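>>> got a sequence here, can you build the structure:
(2 chains)
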Amino acid sequence: MKYFKFLLIGIFFGIVLVKSEAVSWYRIYEMFRFQSFHMYGIIGTAVITGILFLQISKKGFIRRIIGEEIIVPIKENGFVRYIIGGTVFGLGWALIGACPGPMYILLGTGVYSMLIVIAAAMLGTFLYGILKDKLPH
Amino acid sequence: MDYILNPWPWYVSGPLISVVMALLLYYGKTFGMSSNLKTMCTMVGADKFSGFFKMNWKEQSWNLVVVVGAIIGGFIATHYLSNGSVSDLNPITIAEFEKMGFNKAGSSLVPAEMYNLEAIVSLKGLSLLIIGGLLVGFGTRYADGCTSGHAITGLSSLQKPSLIAVIGFFIGGLIMTNLILPLIF
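Below you'll find the model as predicted:
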């Protein structure tokens, strides 16, 4: 039962991303061609609401169930890994039109060839794990 | 009912995505979809090849449950919460798709020309999906996060590394869509 809430959160996430068309290959293309505000609106309002939520929770108005503060994981400082890794990610995102979340969601919508993409993404993750120490970070 | 069955506007969708982030943080977890790729690598034995994958994957099982939920959510949304309406894409974009040979743009979530059976049994089609997946999987771990971890959670918590990563996402996306895709299609 302790996992049930995460199942519900996942279902909600899947429904929102399909209904918002954020899982649409066409919407991603449109975004990178600057031909529509749709995706910018989604990401923009998500970030603005997220900032509000985290600022309010910082003030102590929202606490986690067990009474602790909400903690966001802090990313290590750096530049090279974020800009290069980000660019590699962006190349793939725009090609297949799906980032990791939508890959699973699209599988659920019936795009079974997404299994190939997921397997390849696992392989890409594996290659990073192997090459990690040889890469600039 | 039409409000639910039609595609949702961006000003409804964006805040709902941040609700997902807020709920996960509230339960002491974090919104990071690409971490599951690493977890699944460990589950199939990647830890035998690199210390990077040495972890107790069972601690990440909550996130795999989110993935299962996301798959179910995708199924529910297409089968029960949609009315087959076509995406309201920019007519300029649709004209570009026609030039690329993509018909019926927006009537499905992904172009059949890339994802249907005919496409994936061709060398070109299969290669594109594999290359795209490799780039996403490699890039996301190199950058230590994807759209959920950096663009939503990282930017919401005003973290500079995430801003750099998101700028990277856009550099890569702009290069692919504007320079490379026209060469492929």
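
>>> all helices of chain A, in order?
Under the criterion DSSP state H, chain A carries helices at the ranges A:4-19, A:25-32, A:38-58, A:80-96, A:100-109, A:114-131.

>>> list the contacts of the helix or strand bottoming out on mean pLDDT in chain B.
Lowest on mean pLDDT, DSSP states H and E among the helices and strands of chain B sits helix B:2-5, with a mean of 88. Counting by CB atoms under 8 Å, 6 or more residues apart in numbering or on different chains, the neighbours of helix B:2-5 from elsewhere in the structure are A:19, B:81-83, B:85. Heads up, the C-betas are built off the backbone N, CA and C, glycines and all.

>>> report the buried residues of the helix or strand just after it.
As assigned by DSSP states H and E, the chain's next helix or strand after helix B:2-5 is helix B:10-26. With burial defined by 16 or more other CB atoms under 10 Å in any protein chain shown, the residues of helix B:10-26 counted as buried are B:10, B:13-26.

>>> could you check helix B:10-26 against chain A for contacts?
Yes - using CB under 8 Å from any CB of the partner chain, helix B:10-26 reaches chain A at B:10-26.

>>> spatially central residue in chain A, please.
Taking CA atoms, centre = their mean as the criterion, A:Gly101 is the residue nearest the geometric centre of chain A, at 5.6 Å.

>>> chain B now?
Among the residues of chain B, the one closest to the centroid is B:Thr147, at 7.5 Å (CA atoms, centre = their mean).

>>> quick one: that residue and A:Cys99 touch, right?
Yes - when contacts are counted by CB atoms under 8 Å, B:Thr147 is listed as touching A:Cys99 (4.4 Å).

>>> touching both of these two, which residues are there?
With CB under 8 Å, 6+ apart, B:Thr147 and A:Cys99 have common neighbours A:93, B:33.

>>> low-confidence stretches in chain A?
Where chain A drops to pLDDT under 70, the residues are A:1, A:60-62, A:64-66.

>>> let's see 80
Across chain A, residues meeting the criterion (pLDDT under 80) sit at A:1, A:58-69.

>>> and if you look at chain B?
Using pLDDT under 80 as the threshold, the predicted model of chain B has low-confidence ranges B:1, B:84-85.

>>> hmm, 70 instead?
Per-residue confidence for chain B (pLDDT under 70) gives no ranges below the cut-off.

>>> returning to that earlier point: from the contacts of helix B:2-5, pick the one nearest B:Trp57.
When the contacts of helix B:2-5 are compared for distance to B:Trp57 (CB to CB), A:Lys19 comes out closest, at 31.3 Å.

>>> much appreciated, bye for now.
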